[in-house]
Every structure is written in C-alpha cells, then in structure tokens.
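J.: sequence and predicted structure are below.
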Amino acid sequence: MTYAWRGLSLDIARSFFGAAVLTRVVDRLAGLGLNRLHLHLTDDQGWRLAIPGRPELTELSGPTAVRGGQGGYLTVAEWTNLVEHAAARGVTVVPEIDLPGHVGAALHAVPALNPDGRARPPDDGSAVGLTQLDPDLPATAEFLHDVLTAVAALTPGPWLHIGGDECPLLSEAAYAGLVRQAAAIVRAAGKIPVAWQEAALAGPEADLTLQFWSAGEAGDPGIRRRLAASAARLVATGAPVILSPAAHTYFDHKYSPRDSFGQDWAGTISVEEAGGWVPEAAVPGLDPARIVGLEAALWTESIHDEATLDRMLWPRLEAFSRLAA
Ligand code: ACM
C-alpha cells in the first residue's frame, strides 16, 4: 500500500542533531521513498529552532539537553537550507512545537510563562507530563502567537505539528482551549495543524490531522486510561490519521529482549516486526479510509550520537519503508 504520508519523526529536542546529520537523514529518507521528516523541535529539555523576535528561546534553552545528550539549535539559515534541500528531494519537513505540555524549555527561557513569574530551572531528566502552559497568563497567548506564526513563516510545507501529547496536569477544558487556540493560529498562518492523538479532545472545531501513538498498552493505570480514552476519541472523530503505533514504529526500542540498549515500555521491535505489522488493524474501530499515512519515530532520551542513531534507526526504517511505500 502506498500511503500519501510516509514519514519519520525525529526528536532533536532531548538531544540535538545538527544540520549535517539532518541533511544526511533527509537524503536517506528520500532513498527509501519516504516523504516527511517531522522534527520534534521543542520539549522540556531543549528548544532547537531559532525564532525571529524571540531570541531568548534558543539563547537560554538551546544549550540545554537531556543528561548525557547534546545541546544546540538550528539557526534560521540552517533551517531554511534544510527544508529547501529536503523539498528538492521530495521530503517535506514538518516542524513540531510541542504544547501545551512538554514545554519546560519555554518555561526556562520565558519567566512570564510561569505562574510565579520565575524561570523554571533547566530540565535534564526524562520524566514526562510535568510541564504545561497556563491559559490564564497573558504571556501564554503572546507566546503561542509569536512562535507558531514565526514557524509557519519559516516553513514552506503545508503542515505544522502542535504536539498535544502527555499533558495530564491541565484540566480537560484548559487543555482543549489551548489546543484550539494553537490550531487557530496555525490555520490563520496558512498551515494545516497536526497533533498527537490526545488532541482529539479539542473537538472537531480544531480541525486537526491526528497522529495515533498508543492505545494505552503500557504505563501506570492513569496513563493507560488516558491513552485508551484519547485513542477512542480519535476513532470517534472524522479526522485524517497518521499511524505511529509505539509497539511497531518507535525505533528507540530494543530490537530484542536480549538487547541491553534501548527502551522497552512498548515491547521490542525486530526488523521483521518493523515491516510486518498491519496498519489497517493498528487502531481497532478506525475506518482504514481515514489513514493518510504511517510515521516511524526516534526519541532521543538515550540516543546521543550519530552512530547510535544509525544503529537504532536504519535497519528498521528500511523495513518500515516497504510497508509505507
Ligand atoms: C509520544 O510518544 N509522547 C507521542
């Protein structure tokens, strides 16, 4: 089956990979017939794209990273070269600004985003779900507008990813309101908003393309419940869906239970399994006609150099590409 969206999501927020590595990644994606590079540019641990008019984001949160990882950020010139290089090879770069959770790097760089007005300390850990924007602060609306408008202006491709994952400490109403606000800014800037499955909570007015990642097969009971509920909400919407089931496409995971390196919270993924799952069966109840594509993901809490990236990614991405393309 050839899907319209055949992608890789690469986390350069936990640990940074710069323009040279990203250019090599683009070339190899094109060689495999893949056509989207989704870059996870912001998270608790770092901010990786210079934002015109908001230099504090990369000045203060560019150098930070997960423990043992690399800091750094892409300048506007590097970003522009990368997206043009990719477009010339049939690869559309999709920037992700993760919100309203996973915003520790923004809270570190912009004191006014914090309820007490004080910069949050840098975060070099791997815990998730501990940071969120505050919908009641005037700085939040300014931040959303400035950042999303700037990223849209820097990005020739039609999509802008607004994250939306793992934000358990906000009320559902506050979360949905912030996602709707972000989606409206992205639309007004002429881009199509994409978000992780949890953002289905924002309702049809957010008009999102949704990215499925988990039905709640792992984690504590609270995490499982929230993910199962968001997967059910995704099924109930009519939104287009990109499939990134962690158990099949998260290539930061071990190849086999015998491996000493890699994540295993969603199981292990051999090369055969990376290319051998059935997309139409990945989300029970989902109308296959809504599946616009498949996207693999490489998270970098523990992947800090190109050799490790190569070892974890390419054998499985090659198998994945045969399923997607
Ligand atoms: C995700 O794995 N938090 C999208």
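T.: Cool, the structure landed.
J.: may I see the buried residues of stretch 131-151?
T.: For stretch 131-151, the buried set under the neighbour-count rule, 16 or more other CB atoms under 10 Å, comprises 131-135, 139-140, 143-144, 146-151. All C-beta atoms are positioned from the backbone trio N, CA, C, and that covers glycine.
J.: what's the burial count for the residue of the stretch 51-200 of the chain found nearest the ligand?
T.: The shortest separation between the stretch 51-200 of the chain and the ligand is 3.9 Å, found at Asp165 (distances taken as CB to the nearest ligand atom). The number of residues packed around Asp165, counting by other CB atoms under 10 Å, is 22.
J.: now do the same contact list for it.
T.: By CB atoms under 8 Å, 6 or more residues apart in numbering, the contact set of Asp165 is Asp98, Gly101, His102, Trp196, Gln197, Glu198, Trp213.
J.: and with 6 Å instead?
T.: By CB atoms under 6 Å, 6 or more residues apart in numbering, the residues touching Asp165 are Trp196, Glu198.
J.: ok, now Leu49?
T.: For Leu49, the residues meeting the contact criterion (CB under 6 Å, 6+ apart) are Leu41, Leu74, Trp79.
J.: start from the N-terminal end of this protein and give the strands.
T.: The residue ranges that make up the strands of the chain, judged by DSSP state E, are 5-11, 36-40, 92-99, 159-163, 192-196, 209-212, 241-243, 291-298.
J.: those strands into a markdown table, with extra columns for distance to the ligand, mean pLDDT and mean neighbour count?
T.: As requested, the strands of the chain are arranged in a markdown table below (distance: least, CB to the nearest ligand atom, whole Å; pLDDT from 0 to 100; neighbours: other CB atoms under 10 Å):
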| stretch | distance to the ligand | mean pLDDT | mean neighbour count |
| --- | --- | --- | --- |
| strand 5-11 | 8 | 99 | 25 |
| strand 36-40 | 9 | 99 | 25 |
| strand 92-99 | 9 | 99 | 25 |
| strand 159-163 | 8 | 99 | 26 |
| strand 192-196 | 5 | 98 | 25 |
| strand 209-212 | 7 | 98 | 24 |
| strand 241-243 | 11 | 98 | 26 |
| strand 291-298 | 7 | 98 | 23 |
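J.: near the ligand, which residues of the stretch 151-300 of the chain are found?
T.: Taking CB under 6 Å from any ligand atom as the criterion, the neighbours of the ligand within the stretch 151-300 of the chain are Asp165, Glu166, Trp196, Trp213.
J.: right, I'll call it a day here.
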